[in-house]
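*Asks:* A predicted structure for the sequence below; I have some questions about it.
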Amino acid sequence: GQNDSIFITTLTVTSSDGCQVSVTDSILVWVLPFPSFLATEVCLNDSTSFTDQTISYNSGISEWAYDFGDGDSSSLASPVHLYSLAGVYGVTLTITDLNGCSNSYLDSIYVRPLPISNFTIGYTCLLDYVCQDSAITFYDSSYVAPLGGIINSWQWDMYNDSIIDYSTANATTTLFAGTVDVELLVITQYGCVDSIVKSIEVKETPIASFSLDTTSGCGPLPVNITQLSGGLIENYDWVIYGADINNPLFTSTDSLLDSMLLPALPAPFFEDTTYYIRLIVGNCCGQDTVWDSVIVFPTPSAMFMPSATYGCSPFTVSFIADSLTFGDPDSLLYDWGDGTSSVIYPYTSPPLVWEILSHTFTYNGFSPDTTYTVTMTAYNICGITSMTVPIPVEPTFVNAFFSLVNSAGCPPFNGLLFCFSSVHLSP
């Protein structure tokens, strides 16, 4: 009951001869206190608060004794206790009142385990990074021990900026380039929380770039290439093309080109030639291509053809260089071999068209002919070449005469003798 109890006790003593005597007294029995407490159900790392609910009807309480079930205790009426491990703990509260009466109460309290937050990235490009503007799926891989119930809430913060971007177990998104901190926070049915932040490397398609130490020159032309590409680059593809794009002059997959390995760009034979240098750089996110070019100038190739190579004085010869001289000369110099010369320039830009020159040669002297050495020299910034052709010229007039020996006789006359001679005459 709720009240103290008084019990009347009588002791009666009877002697052997039948005499009796009785003694009566009263006994007071105090009512026991009724200990009780309330405890908050918490998650690991949160303190459990105990609230005393003990009822003591007729006496004050002098002592509280909590046994928290983990080896710790408290004498406070409503203590706070932090458990180091999740689990179910049997907590005993023993109450002692001012009468010295004690009573105990046992109850179980729960410390729920925290979930373990984690996620994986569903991306097949590479393990170490993802690509800007590519769809990336983040998969929840969090878990919780059985006492923790189930995970029923997810919060994805894709840039760790306190803005919740997605509230589903899995999330698909795109990210900007850079180091992106992605946070996943999970909550169980009991309100226990855990979060994890992972740094994700988000890469762009690399930017191809290089520079040349020259853009034009006379062949064979050495060229130094400086690699200037930016971004994460996993592969390089260098190609140098000449006139025939089906037969590259040079290929390489090296990141830096050694000038000792680069071939000098060959001198062309006919005209200026453009060589194209192509670089492709790539990573798992994609590739980028850049082109540049170098113009290589030829050394001139002098060649001409006279309309005739010998004749009689005065001997006029036409000289043709068109379609015979190559290498884009700036000018042609004819040395006629007689102390005179002529210079001609092309009519047009490449392909060049050259004027047909004529020159008249005369016989000079007493030799059977006069030979003139005609030299044509082709000039441009890359050099000089020459071609020489001899032009022999014969005299125009020949005077012939003869004399007779034995100019008379009787028939039959067989003694006629002729003496022939000739003289070359200059015009």
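*Replies:* Looks like it came in fine.
*Asks:* Report the rounded mean pLDDT for stretch 410-418.
*Replies:* Averaged across stretch 410-418, the pLDDT comes to 58.
*Asks:* low-scoring pLDDT stretches of the stretch 201-350 of the chain, where are they?
*Replies:* 259-260 (pLDDT under 70).
*Asks:* if we go to 80?
*Replies:* Scanning the stretch 201-350 of the chain for pLDDT under 80 picks out 243, 257-261, 348-350.
*Asks:* centre of the chain versus the helix or strand containing Trp154, how much separation?
*Replies:* Element membership for Trp154 (DSSP states H and E) is strand 151-157. Mean-position distance between strand 151-157 and its chain equals 34 Å (Cα atoms, centre = their mean, to the nearest Å).
*Asks:* Can you give the contact residues for the helix or strand hosting Tyr334?
*Replies:* For Tyr334, the host element (DSSP H and E) is strand 331-335. Applying Cβ atoms under 8 Å, 6 or more residues apart in numbering, the external contacts of strand 331-335 come out as 302, 304, 319, 321, 325, 341-345, 354, 357, 359, 374-379. Every residue, glycine included, has its C-beta placed from N, CA and C.
*Asks:* Also stretch 151-165?
*Replies:* Applying Cβ under 8 Å, 6+ apart, the contact partners of stretch 151-165 are 115, 138, 140, 142-144, 166-169, 171, 173, 175, 180-189, 197.
*Asks:* ok, now with 7 Å
*Replies:* The contact list for stretch 151-165 (Cβ atoms under 7 Å, 6 or more residues apart in numbering) reads 115, 138, 140, 142, 144, 166-169, 171, 173, 175, 180-189, 197.
*Asks:* What's the end-to-end length of that stretch?
*Replies:* 18 Å (Cα to Cα, to the nearest Å).
*Asks:* same deal with stretch 318-336?
*Replies:* Start-to-end, stretch 318-336 (Cα to Cα) is 12 Å.
*Asks:* same deal with stretch 328-339?
*Replies:* Taking Cα to Cα as the criterion, the two ends of stretch 328-339 lie 27 Å apart.
*Asks:* From the chain's centroid, how far away is that stretch?
*Replies:* So, by Cα atoms, centre = their mean, the centroid of stretch 328-339 is 57 Å from its chain's centroid.
*Asks:* List the buried residues in that stretch.
*Replies:* In terms of neighbour count (16 or more other Cβ atoms under 10 Å), stretch 328-339 has its buried residues at 328-329, 332-338.
*Asks:* what's the offset of stretch 54-61 from the middle of its chain?
*Replies:* With Cα atoms, centre = their mean, you get 79 Å for stretch 54-61.
*Asks:* Now do the contacts for Asp338.
*Replies:* Contact analysis of Asp338 by Cβ under 7 Å, 6+ apart lists 361, 372.
*Asks:* distance of it from Phe319?
*Replies:* Per Cβ to Cβ, to the nearest Å, Asp338 is found 14 Å from Phe319.
*Asks:* And Ala378, by the same measure?
*Replies:* From Ala378 to Phe319 the distance is 13 Å (Cβ to Cβ).
*Asks:* Quick check: Glu257 is in a strand.
*Replies:* Residue 257: Leu, not Glu. No. Using DSSP: H, G, I helix; E, B strand; the rest coil, the assignment for Leu257 is coil, not a strand.
*Asks:* Check whether it really touches Asp237, as I assumed.
*Replies:* No. Between Leu257 and Asp237 there is no contact under Cβ atoms under 7 Å: 12.0 Å.
*Asks:* Between those two, which is the more surrounded one?
*Replies:* The neighbour count for Leu257 versus Asp237, taken as other Cβ atoms under 10 Å, is higher for Leu257 (21 against 15).
*Asks:* which residues does the residue nearest to Ile196 when sequence neighbours are not counted contact?
*Replies:* In this structure, Ile196 finds its nearest non-sequential neighbour in Ser117, 4.3 Å apart by Cβ to Cβ, 6 or more residues apart in numbering. Contacts for Ser117 (Cβ under 7 Å, 6+ apart) come out as 142, 184-186, 194-196.
*Asks:* so how far is Thr377 from Ser342?
*Replies:* For Ser342, the distance to Thr377 - Cβ to Cβ - is 11 Å.
*Asks:* the more surrounded of the two?
*Replies:* Neighbour count, other Cβ under 10 Å: between Ser342 and Thr377, Thr377 has more, with 19 against 15.
*Asks:* Bridge partners for that one, pull those for me.
*Replies:* Leu333, Ser386 (DSSP bridges).
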